[in-house]
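Asks: compute the structure for the input listed below.
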Amino acid sequence: MLFSSRLRSLSLAASLVASAGAVHADYLWLQRDGATAEARFGEVGRPDQPVATLAAPRAFLADGKDLPLTAEAERVVVAASAVPAGTDLRAAARRVGDDGALYLYQARWGRAETKAVNDLELVPTAPNGNTFKLVWKGNTVAATQVNVDTSEGWRRVLRPAADGTITLPTPFPGLYVLEVMAKVNGAATIDGKKYDDVRHTATLSFEVPR
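Replies: Numbers count the residues shown, from 1 in each chain. This next block holds a predicted model:
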């Protein structure tokens, strides 16, 4: 039974990678300023989308501990003062699109930890490194591409190396947001409603200091 379950998991991961999207679309990302963190929705460098369009927002640590949130018009403020140094922060939310698809957004701030927590997550191969792997439910998979946005307006599309990892140059200080999209073959049921079209978007963001 365990073997069968793992086989299904790997099969799902393979379908996720094969259909990873090339389209640049709205995503959820985290950024920090001292003891305050905030989650924003849209694209870095463009007008933010209202967070009211997102359902079930939460912010949490690697151990699953939820952090208090305050929703504002264009951001969700996270009480991050209790986050230990060297600890990364996660956030998640969902939305049903006009097309009827279920969009699941997963965000991570920081690159200190080398273990994934979200279902879909970009993870550094070494603490605070510039090389990342994509993990889907505990299994390392290869993304077809990773989009990069920065606070300086520098945008790139990264392709994986032969081992499936991607490496990001950080030539200047500022906010970097890495984003990957994937459509998973399989349905999901939330609040008693079944969605046959499920799409994941994951981001990893960090600041390169001046």
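
Asks: start and end of stretch 122-130, how far apart?
Replies: Stretch 122-130 has its terminal residues 11 Å apart, counting by C-alpha to C-alpha, to the nearest Å.

Asks: now do it: distance to the chain's middle.
Replies: Centroid displacement of stretch 122-130 relative to its chain, using C-alpha atoms, centre = their mean, to the nearest Å, is 14 Å.

Asks: going forward, the N-terminal residue is numbered 19.
Replies: Yes, from this point I'll number from 19; that puts the last item at stretch 140-148.

Asks: where in the protein is pLDDT low?
Replies: Within the chain, the ranges that satisfy pLDDT under 70 run 19-42.

Asks: just the helices in it please.
Replies: Under the criterion DSSP state H, helices of the chain are mapped to 20-36.

Asks: for A109, list the residues it contacts.
Replies: Listed by C-beta atoms under 8 Å, 6 or more residues apart in numbering, the contact set of A109 reads 46, 48, 57, 75-78, 94, 96, 124-127. C-betas here are computed from N, CA, C, even on glycine.

Asks: again, but for E197
Replies: Contacts for E197 were tallied using C-beta under 8 Å, 6+ apart; they are H42, Y45, W47, V164, N165, V166, D167, T219, A220, T221.

Asks: possible to save these as TSV with distance to D137 and neighbour count?
Replies: Formatted as TSV, the contacts of E197 follow (distance: C-beta to C-beta, whole Å; neighbours: other C-beta atoms under 10 Å):
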residue	distance to D137	neighbour count
H42	21	13
Y45	15	24
W47	17	26
V164	17	23
N165	19	22
V166	21	18
D167	22	23
T219	11	21
A220	8	29
T221	13	27
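
Asks: could you save the contacts of A109 as a markdown table and add columns showing distance to K212 and neighbour count?
Replies: Below are these laid out as a markdown table (distance: C-beta to C-beta, whole Å; neighbours: other C-beta under 10 Å):
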| residue | distance to K212 | neighbour count |
| --- | --- | --- |
| L46 | 23 | 27 |
| L48 | 30 | 25 |
| A57 | 27 | 28 |
| P75 | 22 | 18 |
| R76 | 22 | 14 |
| A77 | 28 | 26 |
| F78 | 26 | 16 |
| V94 | 28 | 22 |
| V96 | 31 | 24 |
| Q124 | 21 | 24 |
| A125 | 26 | 27 |
| R126 | 28 | 26 |
| W127 | 32 | 26 |
